[in-house]
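In: coords please:
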Amino acid sequence: MSNNLAVKNIAIMNTYNRFPVKLVKGKGSKVWDDKENEYLDYTSGIATCNLGHVPDQVQSRVKEQLDLLWHCSNLYEIPNQEELAELLTQNSVFEKVFFCNSGAEANEAAIKIAKKYAKDQGNPERTDIVTFKQSFHGRTGATMAATGQEKIHQGFTPLAVGFRYLALNDFESLSEISDGKTTAVLLEVIQGEGGVNPVDKEWLTQLEKICKENDILLMVDEVQTGMGRTGTLFAYEQFGVKPDVITLAKGLGSGIPIGAMLASESVAASFSPGTHGSTFGGNPLATSAGIATIESILSDGFLAEVKEKSDWFRKQLEKLRQSSNKVIGIKGLGFLVGIELTEPVGPWIDRFREKGILLLSAGANVLRVLPPLTTTKEELNQFVNVFHEIETEE
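Out: Numbering: from 1, shown residues only. Predicted coordinates:
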């Protein structure tokens, strides 16, 4: 058996620094490894298992679909796809949806539709898309170029052209957007991987004003912030803006791969048969998971409970900050939380894992805490107590 495992590991490309844990089972907020050790999963599969692991309602819907039809071409009508699109548009400011398989693909679609929109509006000189430093939009050719982090670019130059990076929340740099070359602005209202950095609401309002006045598309990457993660279905709702495009993935399918780009009617008109597509995007199986997921999030009281629990958690973390000499600040919104420390977080993540809690980083000095939206106050309190234990051991 050990030889087989060794061969298997060698056969996988070395694209991840993996933690020494083999997860084999999950339910709710908990996961178990092959040695039957239990962990509180506060990574949620990187903000993917928003309803916890193997949620009953999604499991039931997917099992039902498994007996019917897994996949068919997008050349045919797909009832599940239409139902999920209706759920998404009826609960947002958008009219049309394009389905794909991942966040990177959703952002690729947004990049393509922005460029096509500029041409369709008679502005072929508008070739640039503005993004922001410390952003993260994916690892494909275009989305890597859209990402405003040098470490993501290293080894892959020359990058795809047409992207400019501005400083987040910098009012002065906003004047550079309306230069006649910009077709769209793509941003996260809370940068997840880049450090859990929220936008300033007043700054975003000014950015939206510039975009509307100059017919520049405002596109919000909600891959990590969407599907209830911040306490509302989409994070943009809490900033008082109306984007032209948003992108989704991660939490949309509770772990079943699915992505989506949502757009206004006028922007969506720039896609026509042959301009974009996806073999697997929006197939019956993936959209069955999406339907059950969004119905659960929209059920009575669910998001109100997420807000109540996340607000309570934030208060506990603020108390922790006040009593700790290691915590610089608490960042984020809802259950997308960053704890900025005075020191590297790598050893902290190791100690949390040894004590039964799985966490991520968001840069060298930020712990990224991503509880399932279904987590309990008891579990949240467990996290706070373990933090105190680790700090005491230092």
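
In: Pull up the gap between Gly180 and Lys27, please.
Out: Applying CB to CB, to the nearest Å, the value for Gly180 to Lys27 is 54 Å. C-beta coordinates here come from the backbone N, C-alpha and C atoms, glycine included.

In: who has more neighbours, those two?
Out: Regarding Gly180 and Lys27, a neighbour count based on other CB atoms under 10 Å identifies Lys27 as having more, with 13 against 9.

In: dump the residue contacts of the residue most central in space within the chain.
Out: Per CA atoms, centre = their mean, the C-alpha nearest to the average position across the chain is that of Gln224, at 1.3 Å. Residues in contact with Gln224 (CB atoms under 8 Å, 6 or more residues apart in numbering) are 46-47, 103, 188, 190, 192-193, 250, 336.

In: which parts of stretch 161-180 are buried?
Out: Buried residues in stretch 161-180, defined by neighbour count with 16 or more other CB atoms under 10 Å: 162-166, 168-169, 173-174, 177.

In: Please give the centre-to-centre distance between that stretch and its chain.
Out: From the chain centre to the centre of stretch 161-180 is a distance of 23 Å (CA atoms, centre = their mean, to the nearest Å).

In: List the contacts of that stretch.
Out: 115, 125-135, 145-146, 148, 182, 185, 187, 191, 197, 199-200, 203, 206-207, 210-211, 213-214, 216.

In: which among those residues end up buried?
Out: 115, 126, 128-135, 145-146, 148, 182, 185, 187, 191, 197, 199, 207, 210-211, 216.

In: what two of the buried residues of stretch 161-180 are the furthest from one another?
Out: Gly162 and Asn169 (23.4 Å; CB to CB).

In: Identify the residues contacting Pro124.
Out: Applying CB under 8 Å, 6+ apart, we find Pro124 in contact with Ala118.

In: Tell me how far it lies from Thr232.
Out: For Pro124 relative to Thr232 (CB to CB), the value is 37 Å.

In: can you check Lys181 too?
Out: Using CB to CB, Lys181 is found at 34 Å from Thr232.

In: Any idea how far stretch 304-315 is from the middle of the chain?
Out: 20 Å.

In: quick one: buried residues of it?
Out: Buried residues in stretch 304-315, defined by neighbour count with 16+ other CB under 10 Å: 306-307, 309-310, 313-314.

In: re the thing from before, reformat the buried residues of stretch 161-180 as JSON lines; add distance to Leu320 and pLDDT.
Out: Putting the buried residues of stretch 161-180 into JSON lines (distance: CB to CB, whole Å; pLDDT from 0 to 100) gives the following:
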{"residue": "Gly162", "distance to Leu320": "43", "pLDDT": "96"}
{"residue": "Phe163", "distance to Leu320": "38", "pLDDT": "98"}
{"residue": "Arg164", "distance to Leu320": "39", "pLDDT": "97"}
{"residue": "Tyr165", "distance to Leu320": "34", "pLDDT": "98"}
{"residue": "Leu166", "distance to Leu320": "33", "pLDDT": "98"}
{"residue": "Leu168", "distance to Leu320": "26", "pLDDT": "97"}
{"residue": "Asn169", "distance to Leu320": "26", "pLDDT": "98"}
{"residue": "Ser173", "distance to Leu320": "34", "pLDDT": "96"}
{"residue": "Leu174", "distance to Leu320": "35", "pLDDT": "97"}
{"residue": "Ile177", "distance to Leu320": "39", "pLDDT": "97"}
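
In: mind listing which of those are in strands?
Out: Mapping the buried residues of stretch 161-180 onto strands (DSSP state E) picks out 163-166.

In: Mind picking the one among those residues that's closest to Gln382?
Out: Distances from Gln382 to these, taken by CB to CB, are shortest for Tyr165, at 39.2 Å.

In: so what's the nearest residue to that closest one once chain neighbours are set aside up against?
Out: Excluding its sequence neighbours, the residue lying closest to Tyr165 (CB to CB, 6 or more residues apart in numbering) is Gly148, at 4.0 Å. When the contact criterion is CB under 8 Å, 6+ apart, the partners of Gly148 are 131-135, 165, 194.

In: Could you export the residues you listed as TSV, including distance to Asn74?
Out: Below are the contacts of Gly148 laid out as TSV (distance: CB to CB, whole Å):
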residue	distance to Asn74
Thr131	29
Phe132	33
Lys133	36
Gln134	35
Ser135	30
Tyr165	34
Gly194	33
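
In: Need the worst-confidence member of these.
Out: By pLDDT, Gly194 ranks lowest within the contacts of Gly148, coming in at 93.

In: wait, doesn't that one sit right on Ala362?
Out: Yes - at 6.9 Å, Gly194 counts as touching Ala362 under the criterion of CB atoms under 8 Å.

In: who's more crowded, those two?
Out: It is Ala362, of Gly194 and Ala362, that has more neighbours when counted by other CB under 10 Å, with 27 against 21.

In: In this model Ile339 seems to touch that one, though I could be wrong.
Out: No - if you go by CB under 8 Å, Ala362 and Ile339 don't touch, sitting 9.4 Å apart.

In: which residues are contacting stretch 14-21?
Out: Residues contacting stretch 14-21 (CB under 8 Å, 6+ apart): 33, 37, 39, 353, 358.

In: what's the answer for stretch 49-57, then?
Out: With contact meaning CB under 8 Å, 6+ apart, stretch 49-57 is reached by 26-31, 41, 44, 58, 227-229, 250-251, 254-255, 292-293, 295-297, 372-375.

In: Quick one: mean pLDDT over whichever helix or strand Val62 is part of.
Out: Here Val62 sits within helix 56-66, counting by DSSP states H and E. Per-residue pLDDT values over helix 56-66 give a mean of 98.
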